[in-house]
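> Give me a model of this one.
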Amino acid sequence: MDDMENNKNDEKKNVVILEVRWGKRHIQTLLLFLCMIIAYGLRVNLSVAIVAMTDKTSANKNFVELSWNESEKSTVLSSFFWGYPITQVFIGQMAQKYGAKYFLIGSLGVSGILTLITPLSAIHGGVVVMCANRMIQGMAQGAIFPSMNVLLSKWTPTPEKARLTSFVFSGTQFGALAMLPATGLLASSAGGWPSIFYVGGIITLLWVIVWTLMGANSPSEHQSISEEEKEYIISSLSDTTSKKTLSTPWHEIIKSVPMWTLIIAHLAQNWGYMILLTNMPSYLNYVLKFNIKSNGYLSAMPYLIMWLLIVVFSWISDYISTNNLMSKTCQRKIWNSIAHWGGALALISLYLFDTSVAGAIILLTTALAVNSGVYTGFLTNHLDLAPNFAGPLLGITNSISCITSILGPLLVGFMVTDSCNKDQWGIVFLCSACIFFAGNLFYVIFGSANVQPWNDLTKKYEVIT
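Numbers count the residues shown, from 1 in each chain. The predicted structure follows:
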């Protein structure tokens, strides 16, 4: 008995040592984190750039000013999401089957090249060519989230899943954090607003080269990983991630109530989040009267706080899971409620109360910052339900949620006829708050974080309700 106890204690010690020790899994997650930074940087750069592109009074005046009205600007901002849902489900399946490494190379490679030619598209092609450019970028970036989930399902051992997964996805916030102030500075620099896209494109293509040399689909395919670390990762995932190729159980997925809760939660998330993401720079510029430099820094501030909260929340989540302090389902719902209901409360306050400029910035910052809860909430939930199909599941929810990503900016263009009208912006924020509230209510009532039977139909799982 003593020997058995000693062996168990030794195994626990080895797991703890491996958790702490820097390994190849950390290099992979760092590269994926950088991928998310770049991808989101390319996505949000236009939100600030479009202010300088259409109003050169607060940027370098030596560059052309585009005469786009509010409706045209909203159309261009939303066009990324016309292409975004088209590729996600298919690539999620292909990445699950063949590995995700080269899908990320293609995605960022295409995005980088199109970003480099964005100034030409805008100046010489106008709204139509610009929309086509952004739409194709959306199609290319449709590969990112499904591929990311496939890679995370192979590289994140269970004791570290929340913090490594959240760290990777927190790159979306870090991308906004880095890009928004950089965009303001570049727009005012000698290179003017075109330099925003030249710098972004070059950085993107540099990442593609590094990932091609250092990325791997799984620990089994990594050439220099130690046997000890490989065994630690694979054995940790052996109970939930099948090593054999499985057919995607489309019929069961469509009938799954927990899956539908993720779709609803993702729809609500994209509506509220994307309205804030794409329109906060314009709100700061036209309503709160900040110039492009201040605009970039103030737009980035919520993402800094959000990124810090993601790190804190993920470590707390792993601690709760490791010590079995509450069920996964309960934990996912709590984190998601912090994100969506907390954000809804901040946006309602922005609508109801006649706040000062400082108060408005604090409420906008709060609405975005608490949104960090989704990374330990519904976004991690895909990996809980079916780790064997983590890529396709995120591809499905992310594709469908693009409906609200498209409608959100278009709604702003329809409702905000005067960019300086605070009341019109207030109605937009109130609509977002209501959608946040309703989406999370559905998730709280019907959501689940238990492994579903259709994760592997060749086995039988007991689903605890």
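> these two touch, right, residue 29 and residue 169?
No - in this structure, residue 29 is not within contact of residue 169 by C-beta atoms under 8 Å, at 10.4 Å. (Glycine included, C-beta is placed from N, CA and C.)
> ok, those two, which is more surrounded?
residue 169 (25 against 21; other C-beta atoms under 10 Å).
> in terms of contact, does the more buried one touch residue 375 like I think?
Yes - assessed by C-beta under 8 Å, residue 169 is found in contact with residue 375 at 5.1 Å.
> and for those two, which residues touch both?
The contact sets of residue 169 and residue 375 overlap at residue 310 (C-beta atoms under 8 Å, 6 or more residues apart in numbering).
> ok, residue 158 - how many residues close by?
19.
> Please disregard the earlier target; I meant residue 213.
By other C-beta under 10 Å, 7 other residues sit near residue 213.
> what about it, which helix or strand?
For residue 213, the host element (DSSP states H and E) is helix 194-214.
> With residue 316 instead?
helix 292-322.
> What of residue 183?
Residue 183 belongs to helix 171-188 when assigned by DSSP H and E.
> Now that helix: average pLDDT?
Averaging pLDDT along helix 171-188 yields 79.
> Repeat that for stretch 264-272.
Stretch 264-272 comes out at a mean pLDDT of 92.
> Repeat that for stretch 301-313.
83.
> try stretch 26-39
According to the model, stretch 26-39 has a mean pLDDT of 94.
> in it, what counts as buried?
27, 28, 29, 31, 32, 33, 34, 35, 36, 37, 38, 39 (16 or more other C-beta atoms under 10 Å).
> Now the second one. Nearest residue, chain neighbours left out?
Going back to what we said before, that points to residue 28. Of all residues not flanking residue 28 in the chain, residue 155 sits nearest, at 5.1 Å (C-beta to C-beta, 6 or more residues apart in numbering).
> The one you found and residue 31 touch, don't they?
No - look at residue 155 against residue 31 with C-beta under 8 Å: they stay out of range, at 10.4 Å.
> my read: residue 270 touches residue 400, true?
No - using C-beta under 8 Å, residue 270 is not in contact with residue 400, being 9.3 Å away.
> between these two, which one's more packed in?
Per other C-beta under 10 Å, whichever of residue 270 and residue 400 has more neighbours is residue 270, with 25 against 18.
> Could you tell me the angle between the direction of the one helix or strand that one maps to and that of helix 171-188?
Using DSSP H and E, residue 270 sits in helix 257-286. Orientation of helix 257-286 against helix 171-188 (axes from the mean of the first three to the mean of the last three C-alpha atoms, to 10 degrees) gives an angle of 20 degrees.
> buried stuff in helix 257-286?
Those would be 258-286, for helix 257-286 by 16+ other C-beta under 10 Å.
> swap in stretch 107-124?
107-116, 118-119, 121-122.
> In helices, which of those residues appear?
When DSSP state H defines the helices, the subset of the buried residues of stretch 107-124 inside them is 107, 108, 109, 110, 111, 112, 113, 114, 115, 116, 118, 119.
> ok, now which ones touch the residue nearest to residue 28?
Taking C-beta under 8 Å, 6+ apart, one finds 25, 28, 29, 164, 218, 219, 233 in contact with residue 155.
> Swap in 10 Å and give it another go.
Neighbour list for residue 155: 24-29, 32, 161, 164-165, 168, 216-219, 222, 233, 237 [criterion: C-beta atoms under 10 Å, 6 or more residues apart in numbering].
> Same check on residue 371?
By C-beta under 10 Å, 6+ apart, residue 371 lies in contact with 173, 269, 272-273, 276-277, 302-303, 306, 309-310, 338-340, 342-343, 346, 377, 436.
> Just the buried subset of these, please.
Buried subset of the contacts of residue 371 (neighbour count, 16+ other C-beta under 10 Å): 173, 269, 272-273, 276-277, 302-303, 306, 309-310, 338-340, 342-343, 346, 377, 436.
> Residue 249 - nearest residue in space that isn't next to it in sequence?
Of all residues not flanking residue 249 in the chain, residue 454 sits nearest, at 4.2 Å (C-beta to C-beta, 6+ apart).
> Kindly list the main-chain dihedrals of residue 157?
The phi/psi pair for residue 157 (degrees, to the nearest 10) reads phi -60, psi 150.
> So for it, what's the pLDDT?
We have a pLDDT of 85 for residue 157.
> do residue 422 as well
pLDDT for residue 422: 79.
> Can you tell me how far it is from residue 102?
48 Å (C-beta to C-beta, to the nearest Å).
> more crowded one of those two?
residue 102 (18 against 15).
> got the contact list for that one?
Residue 102 makes contact with 94, 95, 109, 143, 147, 211, 212, 215, 217, according to C-beta under 10 Å, 6+ apart.
> Looks like the last one contacts residue 211 (just checking).
If I follow you right, that is residue 217. No - between residue 217 and residue 211 there is no contact, the gap being 11.8 Å when judged by C-beta atoms under 10 Å.
> Identify the contacts common to those two.
Common neighbours of residue 217 and residue 211 (C-beta under 10 Å, 6+ apart) are 28, 101, 102.
> Roughly how far does the first one sit from residue 64?
Which is residue 28. In this view, residue 28 and residue 64 are 42 Å apart by C-beta to C-beta.
> do the same with residue 201
With distances taken as C-beta to C-beta, residue 201 is found 19 Å from residue 64.
> So those two - more neighbours on which side?
Using other C-beta under 10 Å, the more surrounded residue of residue 201 and residue 64 is residue 201, with 19 against 13.
> if we take the shared contacts of residue 217 and residue 211, which one ends up nearest to residue 444?
Residue 444 lies nearest to residue 28 out of those, by C-beta to C-beta, at 33.7 Å.
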